[in-house]
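[1] Here is a sequence together with a model predicted from it:
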Amino acid sequence: MISLQIPGLSRGPLGSTNPIVKGMVPSVIGIMLIAIGLNLFNAMIKRKMVDQNKVKKLLKDTRAWQKERIAAFKAKDQEKIDELNKKSAYMNKMNMELMQLNMRPMMITFLPLILVFYFVLPPLFSYTVAVSPIPLNFIPGNFFQLTCTAEKVASTPGICKHVNDLYFWAWYFLSSASFSGIIMRLTKTTMDTS
């Protein structure tokens, strides 16, 4: 009920009926650029706050231990399993340290990202900014819809104009997810050990 009192959180899908940026192409490009910018911001904060060499070492050690453990289970080598289980507490401690290292920058970037997402972006862009050739509502229960359905078009004509229109936040989500891996590789903040 507190969330209903915060301006902007009780109005349905994020977006504006009278956006500053008008038109599908400028909206799509604008949201993609904002998603890239916010991903770069996250990567730079992570790069400054997290010792990447330590993360790579922790990842390499825990993955090597997991591989050994899986191989021992497959081979049914009980002696090796017992030996590896003795290191289990240490490996859990290393995994916890790895999670803490990755959570630290998120504590700083989470609030600004939420504020930008809820209060800056919605007035700029309309409710729907792109059209998908196929429906993207793959999670059952209508809890997490990325595209407009026929029912939404009939019930909310101001928000959804066509079936398979992509909501503003859905395009942001897809753009952000698409570019985050690339940006993490470019800034060397990826969780890959290779």
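    Cool, the structure landed.

[2] Only C-alpha atoms from now on, for both contacts and neighbour counts.
    Fine.

[3] which non-adjacent residue is nearest Gly181?
    In this structure, Gly181 finds its nearest non-sequential neighbour in Thr190, 7.4 Å apart by C-alpha to C-alpha, 6 or more residues apart in numbering.

[4] Number of residues surrounding the one you found?
    Per other C-alpha atoms under 10 Å, the neighbour tally for Thr190 reads 18.

[5] now Glu83
    Neighbours of Glu83 using other C-alpha under 10 Å come to 11.

[6] With Asn92 instead?
    The burial count for Asn92: 12, using other C-alpha under 10 Å.

[7] Can you give me every residue that contacts it?
    With contact set as C-alpha atoms under 8 Å, 6 or more residues apart in numbering, Asn92 has no partners.

[8] can you pull the buried residues of the host helix or strand of Lys152?
    Secondary-structure assignment from DSSP states H and E places Lys152 in helix 150-155. Residues 152-153 are the ones in helix 150-155 that count as buried (16 or more other C-alpha atoms under 10 Å).

[9] so for the lengthiest helix in the chain, what's the average pLDDT?
    Of all the elements of type helix in the chain, the one with the most residues (DSSP state H) is helix 88-115. Taken as a whole, helix 88-115 has a mean pLDDT of 85.

[10] got it, and stretch 60-67?
    The pLDDT scores in stretch 60-67 average 88.

[11] Can I get it as CSV, trimmed to CA atoms?
    Extracted C-alpha coordinates of stretch 60-67, given in CSV (Å, rounded to 0.1, in the frame of the first residue of the first chain):
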residue,chain,number,x,y,z
LYS,A,60,38.2,-20.6,-11.3
ASP,A,61,38.7,-22.4,-7.9
THR,A,62,35.1,-23.0,-7.3
ARG,A,63,34.4,-24.3,-10.8
ALA,A,64,37.4,-26.6,-10.7
TRP,A,65,36.2,-28.0,-7.4
GLN,A,66,32.7,-28.5,-8.8
LYS,A,67,34.1,-30.3,-11.9
